[in-house]
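[1] Sequence first, then the predicted structure:
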Amino acid sequence: MAVLVLAEHDHKAIRPVTLHTASAAIQIDGEVTVLIAGEHCGAAADAAAKIAGVVKVLCADDAAYGHHLAENVAWLVKTLAGDYSHILAPATTFGKNILPRTAALLDVAQISDIISVEGPDTFRRPIYAGNAIATVRSSDPIKVITVRGTAFEAVAAEGGGAAVEVIEGTGDAGYSSFVGWELSRSDRPELASARVVISGGRGLQNSESFKLIEAVADKLGAAVGASRAAVDSGFVSNDFQVGQTGRIVAPDLYIAVGISGAIQHLAGIKDSKVIVAINKDEEAPIFQVADYGLVADLFEVLPEMMKKL
C-alpha cells in the first residue's frame, strides 16, 4: 500500500493542516507521498520534502493549478491514483472542493472527515453533528478520504528528507476558469490553527457590536470566529463561521460570547481544551459544555475585559 496526500499550500509554504493530514496518512501506511499542485510552487515542494515521515514529493508545476481550481486538480489526482491505495486531503474548503470530484472520477465512495484510523480500510467519523461516531469500512480499491485535522497530532515540519520528483501536469480540464477573488487580510492567527479563539453570536445584535469581539481578540492575540446565527444575520462573512458547517477548531482556549450553543456549533468546538462561555441566558446550552461560564451581559463584560488586558 502507498498513500497520497494532497497538500494544501499557498505555492510558497505548506498550510499547517497538511501536517495533521500527513499524520493520518502515516497511521495508514508508512509509505507516504505528498502531491504539490500549483504554479511556481517549488518552495512549497521543498517544504513538503522536509515533513517527517514523507518518503516522496510529487511537484506538478502548471498554470492550470495556480488557483487550485477543483476540476483541474481532481483530474491530476485521478491520473496518479492508480499507484496508491489511499488518497487523503484536509477536510477544509480546499479538500472538500477537490476530493469529491476525484472520488466521482474514480467511481468510488468518499469517506469524509475522519477522526481516527482503525485499520487500512476502517475509519471513524462523526455523524449527526458530532452526536454519534460511525465506524466505516471501505471495500473500494482506492480509498478517497478527507481528514479532520484537529483529530490528529501534527507531524514535525522538519526532519524529513524526501526526494522531490517533478511531474507533468494534466493542464486545463476546460470545465472552469478563474475570474477573480476578494481577499480579506488580517494580522490575526488563522482560525483553524489558532491557540486562542474568541467567537461572537447573535447576542451581539449587529455588525458594529462585533467590533468588541475583534478588540478583545487583538488584545489576546486570538483568532475571531462566529456562530452560524451571527453569519446568517450578516454580522460577519461566512469565513468566520465555526461549527459543523463552518470551521472545526480545537484551540487551547475557546471563548464563546453571546452564543447560545446550537448542536451544529458545539460540534465544531468540542475538541477545544478549555471552553469559556459568556451569555446572559443561564439556560443556554453552551453552559453544558463550557469549562467556565459567566452569566452576564456581554456589553458589560467585554469592556471590562478590555480594561484588564
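    Sure thing, it's come through.

[2] Which of the three states applies to Asp278?
    Careful, residue 278 is Ile and not Asp. Following DSSP: H, G, I helix; E, B strand; the rest coil, Ile278 is assigned to strand.

[3] neighbours around it, how many?
    26 (other C-beta atoms under 10 Å). To be clear about C-beta, it is placed using only N, CA and C from the backbone, and glycine gets the same treatment.

[4] One more: Leu212?
    Leu212: 21 neighbours (other C-beta under 10 Å).

[5] and it, how far is that from Phe235?
    From Leu212 across to Phe235, the span is 11 Å (C-beta to C-beta, to the nearest Å).

[6] any common contacting residues for these two?
    By C-beta atoms under 8 Å, 6 or more residues apart in numbering, Leu212 and Phe235 have these common neighbours: Gly200, Leu204.

[7] Tell me which stretches of the stretch 201-309 of the chain form strands.
    Using DSSP state E, counting those that start in this stretch, the strands found in the stretch 201-309 of the chain span residues 223-226, 253-257, 274-279, 292-295.

[8] now the second one and strand 274-279, what's the angle there?
    Interaxial angle, strand 253-257 versus strand 274-279 (axes from the mean of the first three to the mean of the last three C-alpha atoms, to 10 degrees): 10 degrees.

[9] pLDDT on strand 253-257, on average?
    Across strand 253-257, pLDDT averages out at 97.

[10] The last one too?
    Confidence for strand 292-295, expressed as mean pLDDT, is 96.

[11] would you list the strands of the stretch 201-309 of the chain in JSON lines and tack on distance to Val117?
    JSON lines is the format used below for the strands of the stretch 201-309 of the chain (distance: least, C-beta to C-beta, whole Å):
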{"stretch": "strand 223-226", "distance to Val117": "28"}
{"stretch": "strand 253-257", "distance to Val117": "26"}
{"stretch": "strand 274-279", "distance to Val117": "27"}
{"stretch": "strand 292-295", "distance to Val117": "33"}
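
[12] looking at these, which is closest to Gly243?
    Nearest of the strands of the stretch 201-309 of the chain to Gly243, taken as C-beta to C-beta: strand 223-226 at 8.9 Å.

[13] Show me what the closest one is packed against.
    strand 196-200, helix 210-220 (3 or more C-beta pairs under 8 Å, 6 or more residues apart in numbering; DSSP states H and E).

[14] which of those sits most buried?
    strand 196-200 (a mean of 26; mean count of other C-beta atoms under 10 Å).

[15] Note down every partner strand of it and its orientation.
    Sheet pairing here is set by DSSP bridges, and for strand 196-200 it gives strand 223-226 (parallel), strand 253-257 (parallel).

[16] what are the ranges of the helices in this protein?
    16-28, 42-49, 70-80, 93-106, 210-220, 228-232, 263-269, 286-289, 298-308 (DSSP state H).

[17] closest to Val179 out of these?
    The closest of the helices of the chain to Val179 is helix 70-80. By C-beta to C-beta, the value is 14.1 Å.

[18] Need the contact partners of that closest one.
    Applying C-beta under 8 Å, 6+ apart, the external contacts of helix 70-80 come out as 4, 6, 35, 37, 58, 60, 64-65, 87, 97-99, 101-102, 105-106, 167, 169-173, 175-176.

[19] what's near enough to touch Ala284?
    Taking C-beta under 8 Å, 6+ apart as the test, what Ala284 contacts is Ile259, Ser260, Gly261, Ala277.
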